[in-house]
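[1] Have a look at this prediction, sequence included:
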Amino acid sequence: MPPPSTDLPDPAPDPAPDPAPDRGAAARPPSVDALARSLGGSGLPHAICVDLAREAIAAGDVAGAPARAEAYRRTLLSPVVNATGVLLHTNLGRAPVAVSTDARAVNVEFDLATGERGSRQRAVGQLVARLCGAEAAMVVNNNAAAVLLVLAALAPGRQVLVSRGESVEIGGSFRVPEVMEQSGARLVDVGTTNRTRLSDYRRALDRPDADVALVLKVHPSNYRVEGFVEETPVAQLATLGVPVVADIGSGLIDATCPWLHGPPPTWLRDEPAAVQALADGAALVTFSGDKLLGGPQAGVIAGRADLVAACARHPLARALRPGGLVLAALQSTVLAYLHRRVVQEVPFWRMVATPVADLRSRAESLAARLEGVLDARAVALDALPGAGSAPGATMPSYGIEVRGDLLDRLRAADPPVVARAREGRTFLDLRTVDPTDDDHLARALTAAASVA
């Protein structure tokens with residue numbers, strides 16, 4: 001029998017150690033698609049969410065992707081509450097206009113009587129002409145376009161007389177000399193910066209080289225010269241024997257404001273109006289649709305039928321024409337005037353007509369709701385027409401004064417609230433806030449107070 005073996009059995013192998021944790025997996029970002037889908041609640045299209053997800057991942061800021069989506073969303077056009085006290089706020093779209101249309105075709109260029117192609121200008125043009133007391137009218141996309149078209153159609157290669165005091169720049173680098181140059185007309189300055197008399201225009205007309213097509217009178221609109229000044233009114237210019245084009249700019253239809261109860265506001269005292277300019281002998285007037293008229297952005301040319309027709313025939317007219325939505329909104333605005341429902345249906349004039357007592361009552365009520373939440377009180381304020389209309393003019397108003405600069409927090413509301421701040425205080429002017437938004441202001445201010 002062999003001796004017992006002294007060899008011991010091989011020991012069982014040690015269990016395999018646990019694999020080391022994959023620290024890179026924990027830090028690995030989600031897929032672009034997964035992150036993009038998580039942004040779906042922003043309301044942005046998926047393609048844009050994908051772009052934002054890629055940007056966040058590339059920047060190593062996955063957690064910040066929702067903030068990126070919100071920041072992008074806030075670059076898009078959206079409603080805001082204008083609590084600045086500037087009724088025609090250029091950065092907020094000037095005159096607020098409600099637009100609602102059926103999803104149907106519109107007879108923009110179709111004659112319903114004949115079944116043939118019609119004129120884009122007829123529908124609104126005839127209404128504007130009736131409103132202004134003009135023979136005819138047409139619409140382009142803004143007032144700068146109206147001036148450009150008039151000069152190009154009526155004075156190519158010829159002289160146009162302009163007072164030196166009216167050869168101005170009006171917002172957005174709209175300069176009268178440059179518009180004149182683009183139109184092909186030749187600018188002839190007359191008079192001086194502060195004083196231009198009828199004799200200055202006559203002297204220009206009597207020059208041996210005179211080839212004057214028009215006299216252009218420009219309302220400065222966004223500035224005022226005071227002191228030793230003199231200008232020549234339209235009624236005097238109309239005696240020169242040359243067509244006078246009055247660029248009244250702001251779009252006041254009638255200086256008497258017959259749509260208001262009582263006399264015109266004092267801040268309109270020096271504002272030219274279409275009805276009066278045409279009655280004084282202007283051959284044409286041009287003005288904006290989105291200022292004192294209270295409608296959408298548009299430019300209006302109204303006056304002599306032959307001159308309006310010449311403008312309509314010019315090739316630029318097609319390039320400068322407005323679309324159906326603008327025409328429909330402008331038609332609604334003009335019909336409100338003709339129906340004598342301006343204060344009821346045109347938001348700008350409704351803001352103008354609101355009594356200060358009503359604004360004060362709303363401000364006091366709002367301040368009472370904020371008691372214990374914010375240091376807020378009702379205060380008298382001065383509202384502004386805005387958009388270059390009646391420069392330097394103000395109108396009495398009322399609103400809320402709150403301690404602290406809350407502008408950033410108020411803009412974060414939905415919809416955003418745009419206000420003003422000065423010397424560590426925030427001011428919300430209720431003349432430019434629709435009463436239906438007062439509850440929203442209270443909520444926005446309460447939320448602003450809760451942010452540390």
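    The structure has been received and is ready for your questions. Numbering: from 1, shown residues only.

[2] neighbours around residue 436, how many?
    Residue neighbour count, defined by other CB atoms under 10 Å, stands at 7 for residue 436. (Glycine included, C-beta is placed from N, CA and C.)

[3] which residues in the stretch 201-350 of the chain form strands?
    Using DSSP state E, counting those that start in this stretch, the strands assigned to the stretch 201-350 of the chain run over residues 212-218, 244-249, 284-288, 299-303.

[4] Relative to residue 167, which of the ones you listed is closest?
    Within those, the stretch nearest residue 167 is strand 212-218; the backing value is 7.5 Å (CB to CB).

[5] what residues does that closest one touch?
    Contacts with strand 212-218, where a contact means CB atoms under 8 Å, 6 or more residues apart in numbering, come from 147, 150-151, 154-155, 158-163, 166-168, 176, 185, 188, 201, 204-205, 232, 234, 237, 240, 242-247, 249, 282.

[6] What about those, which are in helices?
    147, 150, 151, 154, 176, 201, 204, 205, 234, 237 (DSSP state H).

[7] Report the two of the residues you listed separated the most.
    Using CB to CB, those span at most 21.5 Å, a distance reached by 147 and 205.

[8] Mind putting the ones in helices among the contacts of strand 212-218 into CSV with pLDDT, distance to residue 367 and neighbour count?
    Shown next, in CSV, are the ones in helices among the contacts of strand 212-218 (pLDDT from 0 to 100; distance: CB to CB, whole Å; neighbours: other CB atoms under 10 Å):
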residue, pLDDT, distance to residue 367, neighbour count
147, 94, 46, 26
150, 97, 50, 31
151, 96, 52, 28
154, 97, 56, 21
176, 80, 47, 20
201, 93, 56, 25
204, 93, 59, 20
205, 95, 62, 17
234, 96, 48, 22
237, 97, 52, 24
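
[9] wait, which of these is closest to residue 38?
    For the ones in helices among the contacts of strand 212-218, the nearest to residue 38 is residue 147 (51.3 Å; CB to CB).

[10] Pretty sure the closest one sits against residue 288.
    No - with contact defined as CB atoms under 8 Å, residue 147 does not count as touching residue 288 (10.7 Å).

[11] any idea of the pLDDT on residue 231?
    Residue 231 is assigned a predicted lDDT (pLDDT) of 86.

[12] follow-up on the earlier one: nearest to residue 436, out of the strands of the stretch 201-350 of the chain?
    The nearest among those, by CB to CB, is strand 284-288 at 27.1 Å.

[13] any residues touching that closest one, and which ones?
    With contact meaning CB under 8 Å, 6+ apart, strand 284-288 is reached by 132, 134, 142-143, 146-147, 150, 243-252, 274, 277-278, 293, 297-304, 307-308, 387.

[14] Provide a ChimeraX selection command restricted to the buried entries of those residues.
    In ChimeraX, this line selects whichever of the contacts of strand 284-288 come out buried by 16 or more other CB atoms under 10 Å:
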select :132,134,142,143,146,147,150,243,244,245,246,247,248,249,250,251,252,274,277,278,293,297,298,299,300,301,302,303,304,307,308,387
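
[15] Neighbours of residue 197, how many?
    16.

[16] Can you tell me how far it is from residue 231?
    9 Å (CB to CB, to the nearest Å).

[17] which residues sit against the helix or strand harbouring residue 382?
    According to DSSP states H and E, residue 382 maps onto strand 376-383. Applying CB under 8 Å, 6+ apart, the contact partners of strand 376-383 are 85-87, 360, 363-364, 366-367, 370, 394-403, 427, 429, 431-432, 445.

[18] Mind listing the residues bridging to the residue nearest to residue 308 when sequence neighbours are not counted?
    Leaving out its chain neighbours, the residue that sits closest to residue 308 by CB to CB, 6 or more residues apart in numbering is residue 136, at 4.1 Å. Beta-bridge pairing of residue 136 under DSSP bridges involves residue 303.

[19] show me what contacts residue 136?
    Neighbours of residue 136 in contact, by CB under 8 Å, 6+ apart: 125, 129, 302, 303, 304, 305, 308, 309.

[20] How about the last one: what's its closest non-neighbour residue?
    If the residues on either side of it in the chain are set aside, residue 309 comes closest to residue 136, at 7.0 Å by CB to CB, 6+ apart.

[21] Would you mind measuring from the one you found to residue 273?
    The gap separating residue 136 from residue 273 is 19 Å, by CB to CB.

[22] list the contacts for the closest residue to residue 167 other than its chain neighbours?
    Nearest non-adjacent residue to residue 167, counting by CB to CB, 6+ apart: residue 176, 4.9 Å away. By CB under 8 Å, 6+ apart, the residues touching residue 176 are 162, 166, 167, 168, 169, 187, 216, 218.
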